[in-house]
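Chemist: after the sequence you'll find the predicted model.
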2 protein chains.
Amino acid sequence: MILLGVDPGLLVTGFAIARVANGKTAIFDYGYLGMQSTETVPARIARFYQFMTEKIVTHKVTHLAIETPFLGKNAQSFIKLGYLRSILYLLSEQHALTLYELAPCHIKQAVTGYGKASKEQVATVMATLFPALKTLGTTVKEDVTDAIAICMTGLGRAAASH
Amino acid sequence: MILLGVDPGLLVTGFAIARVANGKTAIFDYGYLGMQSTETVPARIARFYQFMTEKIVTHKVTHLAIETPFLGKNAQSFIKLGYLRSILYLLSEQHALTLYELAPCHIKQAVTGYGKASKEQVATVMATLFPALKTLGTTVKEDVTDAIAICMTGLGRAAASH
C-alpha cells in the first residue's frame, strides 16, 4: 500500500506519501507545491493536476487521503478548495485509488488523541515525530504537517479496514 | 474557430458546439450528459472529464464558454458546480482553449436583448431559433438551451475580440 495524503491549496499544497510493507510504515516523500497568485486559476489547476499525476505515477500510489469538505472562512476560499478537491477526485478515478475522506476532528484525534486539538497542538506532535520538518519555512510548514497528519490518519483508516 | 458552450451539472450537463467558417456560424452538435445520483461524485467527475475530452478532441474545439461562478441556492450546490468548473478549467489548459467566462446577465442580454430576462424568456427565444429542441424532454431541455445560449454568447465575445 502506498498512501498519498494531500492538503490542497491554490497557493501552497502540502503532500506526504507513506509506504506500508512487511508491517512497517515509512513516510518516504513529503513536501509542498507552491503556486503564485499571479498565475490564473486554470493554470494553477492544471499544474496541480500535473504535479499530483507525477507523484501518483512515480510512486505507484494506491490510496489517497484528503480532508472532507467543510465551509471555511468564506465562500470564495470554499469554492477554490473545491476546485482542487475535484482534481483529486478525478485522479482517484483515473488511477483507481482507494479514497479516504477524513473529517478534521478525526485527523486531530488520530494525531494528538484529542479531536478538538488546536492547530498548534497538531504542529507540536508532528514536529516531535518529524524533526526534519524544522528546516521548512514557517509559511509552508503548516501545510506540510497537515498533509502528513492526513497521511497518518489515512494509514490508520486503511489498517482498520483490513 | 470551434466553440464549446457548457452548462455543467452533476445530474444534467448541457453542451453546444458551434463552428465559425467563412463568416457562417453553425451549431452542429448539442445535447446533454446525464448522470445518476446513485453514482459517486468522483465517478461523475471522471465521466464528465471523459465526455468533455472526447467532445473537445473529436470536434477539434478551440474555444470554451462557461458561466461565471455565482453563489446559487445553497453552498452545497455551489461547491458541486465548482467541481465541474475545475474540470473545465483543467481541460481549457490541457487543450489550450481560449476560455470565456460569461456573466448570466450578459448571456441573457446576448440572447434576448435584455439582461434581466427570465429563464422562460430565454427558453422562448431559444425555441424559436432551434425548433428541434422541442423533441428533448422537459427535464433536460433547459440545460441544453442554456448551453446553446452560453455558446451563442461566447461566439459574440469571440467576434468582438477580433
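Modeler: Now that the structure is in, tell me what you want to look at.

Chemist: in stretch A:88-100, which residues are buried?
Modeler: By neighbour count on 16 or more other CB atoms under 10 Å in any protein chain shown, the buried set for stretch A:88-100 is A:88-93, A:95, A:97-100. All C-beta spots, glycine's among them, are computed from the backbone N, C-alpha and C.

Chemist: gap between the two ends of that stretch?
Modeler: Stretch A:88-100 has an end-to-end distance of 11 Å (criterion: CA to CA, to the nearest Å).

Chemist: that one near chain B anywhere?
Modeler: Yes - using CB under 8 Å from any CB of the partner chain, stretch A:88-100 reaches chain B at A:89-90, A:92-94, A:99.

Chemist: mind putting those residues into a markdown table with secondary structure?
Modeler: Listed next are the residues of stretch A:88-100 next to chain B as a markdown table, based on DSSP: H, G, I helix; E, B strand; the rest coil:
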| residue | secondary structure |
| --- | --- |
| A:89 | helix |
| A:90 | helix |
| A:92 | helix |
| A:93 | helix |
| A:94 | helix |
| A:99 | strand |
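
Chemist: between all of the buried residues of stretch A:88-100, which two are separated the most?
Modeler: Farthest pair in the buried residues of stretch A:88-100 (CB to CB) is A:90 and A:100. Separation: 16.4 Å.

Chemist: just to revisit the earlier point, reformat the buried residues of stretch A:88-100 into CSV and put pLDDT next to each item.
Modeler: Below are the buried residues of stretch A:88-100 laid out as CSV (pLDDT from 0 to 100):
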residue, pLDDT
A:88, 98
A:89, 97
A:90, 98
A:91, 98
A:92, 98
A:93, 98
A:95, 98
A:97, 98
A:98, 97
A:99, 97
A:100, 97
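
Chemist: hmm, back to that, which of the residues of stretch A:88-100 next to chain B lies closest to residue B:15?
Modeler: Closest to residue B:15, out of all of the residues of stretch A:88-100 next to chain B and judged by CB to CB, is residue A:90, at 18.3 Å.

Chemist: list the contacts of the closest one.
Modeler: A:49, B:42, B:45-46, B:49, B:87, B:90 (CB atoms under 8 Å, 6 or more residues apart in numbering or on different chains).

Chemist: go again using 10 Å as the cut-off
Modeler: A:49, A:52-53, B:42, B:45-46, B:48-50, B:83, B:86-87, B:90 (CB atoms under 10 Å, 6 or more residues apart in numbering or on different chains).

Chemist: and if you look at residue A:141?
Modeler: A:12, A:14, A:32, A:123, A:126-127, A:133-135.

Chemist: tell me which of those fall in strands.
Modeler: Under the assignment DSSP state E, the contacts of residue A:141 contribute A:12, A:14, A:32 to strands.

Chemist: can I assume residue A:3 sits in a helix?
Modeler: No - checked against three-state DSSP, residue A:3 lies outside a helix; its state is strand.

Chemist: for it, name its beta-bridge partners.
Modeler: On the basis of DSSP bridges, residue A:3 is bridged to residue A:18, residue A:63.

Chemist: the strands in chain A, which residues?
Modeler: Assigned by DSSP E, chain A shows strands spanning A:2-7, A:12-21, A:24-34, A:63-67, A:98-102.
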